[in-house]
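Enquirer: coords please:
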Amino acid sequence: MKLRDIAHSRTGDKGDTSNISVIAYDPRHYPLLLAEVTAERVRAHFAGIVQGEVVRYELPNIAALNFVMSRALGGGVTRSLALDAHGKSLSSALLDLDISADAADPR
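Expert: Numbering: from 1, shown residues only. Below is the predicted model:
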């Protein structure tokens, strides 16, 4: 299954850093997010885009994860030649991540 089947996302930016939050639709899916959406998997998913570190922050009270990705925006909004210099489409791209459907049963 795709991450978008159990979560939605928001994104922001500051300079050359992109910030993506992944929020479970149902809090029962939060353990699945913890297991499947690691900093390493996010970094691999954005290979060729994110040149720096990916740090994951856990927000269990709102069933969410926040990823801070450095050197992700081609130098930042005022320097990048990218069509999406703010990186807003990165949140949609992350929701395309494949996750284990077997682990998705919240029972």
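Enquirer: which residues are contacting the lowest-mean-pLDDT helix or strand in the chain?
Expert: Least confident helix or strand of the chain, by mean pLDDT, DSSP states H and E, is helix 89-94 with a mean of 85. For helix 89-94, the surrounding residues in contact (Cβ atoms under 8 Å, 6 or more residues apart in numbering) are 3, 9-11, 18, 20-22, 42, 45-46, 49, 67, 69, 72, 84. Quick note: C-beta positions are derived from backbone N, CA and C, even for glycine.
Enquirer: Please repeat the previous calculation with a cut-off of 7 Å.
Expert: Here helix 89-94 makes contact (Cβ atoms under 7 Å, 6 or more residues apart in numbering) with Leu3, Ser9, Arg10, Thr11, Ser18, Ile20, Val22, Val42, His45.
Enquirer: Next secondary structure after the strand or helix carrying Val42?
Expert: Secondary structure assigned from DSSP states H and E places Val42 in helix 39-45. With elements assigned by DSSP H and E, the helix or strand that comes after helix 39-45 is strand 54-59.
Enquirer: other SSEs contacting the very next helix or strand once past that following strand?
Expert: Counting by DSSP H and E, the next helix or strand C-terminal to strand 54-59 is strand 64-69. Contacts defined by 3 or more Cβ pairs under 7 Å, 6 or more residues apart in numbering; DSSP states H and E place strand 64-69 against strand 17-24, strand 54-59.
Enquirer: Adjacent strands (with direction) for strand 64-69?
Expert: Using DSSP bridges, the strands paired with strand 64-69 are strand 17-24 (antiparallel), strand 54-59 (antiparallel).
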